[in-house]
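**Student:** next one to model:
(one chain, ligands or ions: 2)
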Amino acid sequence: MSSLIESETIEQTRTPFVAPTKRKKWLVVQPKSDTPLMVDSGKVSMPLNLMMVATQAKNHFAIDFLDERIGDTVPVDLSEYDVIAMTSRTLNARRVYALGDRALAQGKQVILGGVHPTMMVTEALRHATSVVFGEIESIYDELTQDIYEQTLKPLYKPEPTAGWKPLTEMARPDFAFARRSKHTKNYSERLPLLATKGCPVGCNFCCTPRIYGKTFRTRESDQMIAEIKAHQDFAGRENLRFSFMDDNICFKPAYAEELFNALVGLGTKWNANISMNFLEKSGFVDLAAQAGCEMFNVGFESVSPETIKYVHKGSNRVANYEEIVANVHKRGIAIQGYFIFGFDTDTPSSFQHTFDFIMKNRIEFPVFTIATPFPGTPWYEEMLPRIVQHDWNKYDTFHYMYEPEKLPKEQFLKNFIKIQRAIYSWPAILQRLGPRKPDWVWLVNIAMHHFSQRLTVETFL
Ligand code: B12
Ligand code: SF4
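**Tutor:** Ligands and ions are numbered 1, 2, ... in the order given. As a prediction, this is how the structure comes out:
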């Protein structure tokens, strides 16, 4: 795989291609995952990635847009299309490949993008004509020309240093594509936004530096505000809800502050992933609250300092967790807290400590996942001899992957179920949410109650 990736980079300076009068036609597909858990159930977020793909492609192609997650159906006969373009994460790769094989068998050009094809180029190419590495914007002109000239290459990859397009050149995603479906009611009311991309750090379990490059890129806050206002104009009201898709809205604090200042007074609510060390600063959290933040998504990962050290998460200081939570709650901001189990440092008491922490600090929306080495990362290579799960459908962070050193399988899974049932039991929900007015946080907890009571050991195998 690596020789293919390294040899085929492409030039970025080219004259924009002019589409012929008779345009080729793309079918852009968001495939559903076959994972048995609740990943694609309920309301799903509008697929920003594919809206961005379609926004580029509409300049040169006719576009049909389908999202299997909301109930759209991919036709068996694909004869009206020239190109089938799909996005893939690991958990829906099998579905993507099945659709890719069907389209190839009908003589179509199949283009795959997204995190899984980027991490697993050689595998993806068995089911596609071409793989787009990382993002469409940085290679779009060449890809388009090659489609019309019928000279598609197997891999389209931005040149490592200069090849990633600045985000300031990112076109505003056209949401009309997602709104065309008769099933749009199945989309979450939260509209996706993206302000930043890239990460210079390179943790051994993470896909981000590879898919977005090592340089941190930002969109101008004016562009962000213009996008939000366009949504407000479309909806005819101000009080919309947004979700930032960024890995960490605060990688560059000065940028986050500029963005939050620009958001003040817009009348919108939003949530975002954030590294918890920024939540220690009261002034910063005040500003976020004024800017409309209603929830931060925070990766606590573990309440054990030993595990935090083991996963090299320097931004997390367990000793500061309580102060950080209090700081966020004081401003009326809720916390979606991510907790991962299954590291070699975990013991049976890790579950009790996590339960105690969540209850004491009234984390509104705890999410429990199983440590999952994703293919293409150094951690996956390291863990491969121990990994028992080789079905991509189960790479959803809710399946048993390998036996943690200090936790035999049965004990691990029983504890994993027990903590979810306990945290989402009615008394625990009442205690955590306390006097909170009835709102979407309550609804999420009620849904999680029903979900957690149905869990069995088999669910995770
Ligand atoms: C925001 C986010 C979410 C959100 C929203 C997801 C959604 N509906 O889009 C939420 C919180 C719901 C979520 C949930 C999950 N997520 Co998530 N999530 C992300 C995050 C931080 C950003 C993704 C994003 O939207 N980026 C913005 C869009 C615009 O960029 P993009 O998707 O990369 O698309 C661009 C390119 O990839 C390319 N492209 C993409 N598709 C295509 C297709 C074609 C044809 C072409 C040409 C190009 C192309 O062009 C696009 C435009 O530039 C990523 C990390 C990351 N940096 O990617 C993790 C990530 C994608 N998530 C991950 C995981 C594991 C999950 C969960 C399983 C976690 C969980 N236990 O809940 C679930 C699964 C949900 C699902 N059904 O897929 C992993 C996936 C790893 C993997 N190998 O599959 C990632 C990579 C994080 C990680 N651990 O490294 N996630
Ligand atoms: S986990 Fe965060 S800091 Fe580490 S490489 Fe991924 S995005 Fe960067």
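**Student:** going forward, measure contacts and count neighbours with C-alpha atoms only.
**Tutor:** Fine.
**Student:** secondary structure class of whichever residue of the stretch 301-450 of the chain sits closest to ligand 2, three-state.
**Tutor:** Using C-alpha to the nearest ligand atom, residue 313 is the residue of the stretch 301-450 of the chain that sits closest to ligand 2, at 7.9 Å. Secondary structure assignment for residue 313 (DSSP: H, G, I helix; E, B strand; the rest coil): coil.
**Student:** burial check on it, number of neighbours?
**Tutor:** Using other C-alpha atoms under 10 Å, residue 313 has 16 other residues around it.
**Student:** around ligand 2, which positions in this protein sit nearby?
**Tutor:** The chain comes close to ligand 2 at residues 199, 201, 202, 203, 206, 208, 209, 247, as judged by C-alpha under 6 Å from any ligand atom.
**Student:** from ligand 2, how far out is the residue positioned nearest the centre of the chain?
**Tutor:** The chain has residue 245 as the residue nearest its centroid, 6.6 Å off, counting by C-alpha atoms, centre = their mean. As defined by C-alpha to the nearest ligand atom, to the nearest Å, residue 245 lies at a distance of 12 Å from ligand 2.
**Student:** surely that residue touches residue 192?
**Tutor:** Yes: with contact defined as C-alpha atoms under 8 Å, residue 245 and residue 192 form a contacting pair (6.4 Å).
**Student:** residues contacting the nearest residue to residue 168 once chain neighbours are set aside?
**Tutor:** Closest residue to residue 168 apart from its sequence neighbours, by C-alpha to C-alpha, 6 or more residues apart in numbering: residue 219 at 4.9 Å. Residue 219 is in contact with 167, 168, 170, 195, 196, counting by C-alpha atoms under 8 Å, 6 or more residues apart in numbering.
**Student:** quick one: stretch 178-185 near ligand 1?
**Tutor:** No: using C-alpha under 6 Å from any ligand atom, stretch 178-185 stays clear of ligand 1, with a minimum separation of 12.3 Å.
**Student:** what parts of the chain come near ligand 1?
**Tutor:** Within the chain, the positions near ligand 1 by C-alpha under 6 Å from any ligand atom are 39-40, 45, 47-50, 52-53, 85-87, 89-91, 111-116, 132, 134-137, 206-208, 245-247, 369, 374, 396-397.
**Student:** tell me where the model's unsure across the protein.
**Tutor:** In the predicted model of the chain, residues 1-14, 36-41, 161-162 satisfy pLDDT under 70.
**Student:** which stretches of it form strands?
**Tutor:** Ranges of strands in the chain, per DSSP state E, are 25-30, 62-67, 83-87, 109-113, 130-132, 155-156, 191-193, 196-197, 217-218, 241-244, 269-274, 293-301, 334-341, 365-370.
**Student:** mind checking how far the fourth one is from the chain centre?
**Tutor:** With C-alpha atoms, centre = their mean, to the nearest Å as the basis, the distance from the averaged C-alpha position of strand 109-113 to the chain average is 20 Å.
**Student:** how about the first one?
**Tutor:** Between the mean C-alpha point of strand 25-30 and the mean C-alpha point of its chain there is a distance of 20 Å (C-alpha atoms, centre = their mean).
**Student:** identify all contacting residues around it.
**Tutor:** 47, 50, 54, 61-69, 74, 80-88.
**Student:** can you say which of the residues you listed are buried?
**Tutor:** When the contacts of strand 25-30 are checked for burial by 16 or more other C-alpha atoms under 10 Å, the buried set is 47, 50, 54, 61-67, 69, 74, 81-88.
**Student:** count the neighbours of the closest residue to residue 421 other than its chain neighbours for me.
**Tutor:** In this structure, residue 421 finds its nearest non-sequential neighbour in residue 452, 5.2 Å apart by C-alpha to C-alpha, 6+ apart. For residue 452, the count of nearby residues is 19 (other C-alpha under 10 Å).
**Student:** swap in residue 431?
**Tutor:** Neighbour tally, residue 431, other C-alpha under 10 Å: 14.
**Student:** that one against residue 362, yeah?
**Tutor:** Yes: using C-alpha under 8 Å, residue 431 is in contact with residue 362, at 7.5 Å.
**Student:** go through the residues of the chain next to ligand 1 and flag which are in helices.
**Tutor:** 48, 49, 50, 52, 53, 115, 116, 208 (DSSP state H).
**Student:** of these, closest to residue 387?
**Tutor:** Distance to residue 387 across these (C-alpha to C-alpha) is lowest for residue 116, with 18.0 Å.
**Student:** wait, what's in contact with the closest one?
**Tutor:** Counting by C-alpha under 8 Å, 6+ apart, residue 116 touches 88, 89, 90, 93, 375.
**Student:** again with residue 284
**Tutor:** 257, 278.
**Student:** how close does it get to residue 297?
**Tutor:** Note on residue 284: its distance to residue 297, by C-alpha to C-alpha, to the nearest Å, is 16 Å.
**Student:** kindly report the same for residue 362.
**Tutor:** 15 Å.
**Student:** repeat that for residue 261.
**Tutor:** In terms of C-alpha to C-alpha, residue 261 sits 20 Å off from residue 297.
**Student:** these two: which has the busier surroundings?
**Tutor:** For residue 261 versus residue 297, neighbours defined as other C-alpha under 10 Å are more numerous around residue 297 (20 against 15).
**Student:** list the contacts for that one?
**Tutor:** By C-alpha under 8 Å, 6+ apart, the contact set of residue 297 is 271, 272, 273, 274, 335, 336, 337, 338.
**Student:** got these as TSV, with neighbour count columns?
**Tutor:** TSV is the format used below for the contacts of residue 297 (neighbours: other C-alpha atoms under 10 Å):
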residue	neighbour count
271	24
272	22
273	19
274	18
335	21
336	21
337	19
338	16
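**Student:** just flag the most distant two among those residues.
**Tutor:** Across the contacts of residue 297 (C-alpha to C-alpha), the longest gap, 14.4 Å, separates 271 and 338.
**Student:** returning to what we had before: got the contact list for the residue nearest to the centre of the chain?
**Tutor:** Residues near residue 245 by C-alpha under 8 Å, 6+ apart: 192, 193, 194, 272, 273.
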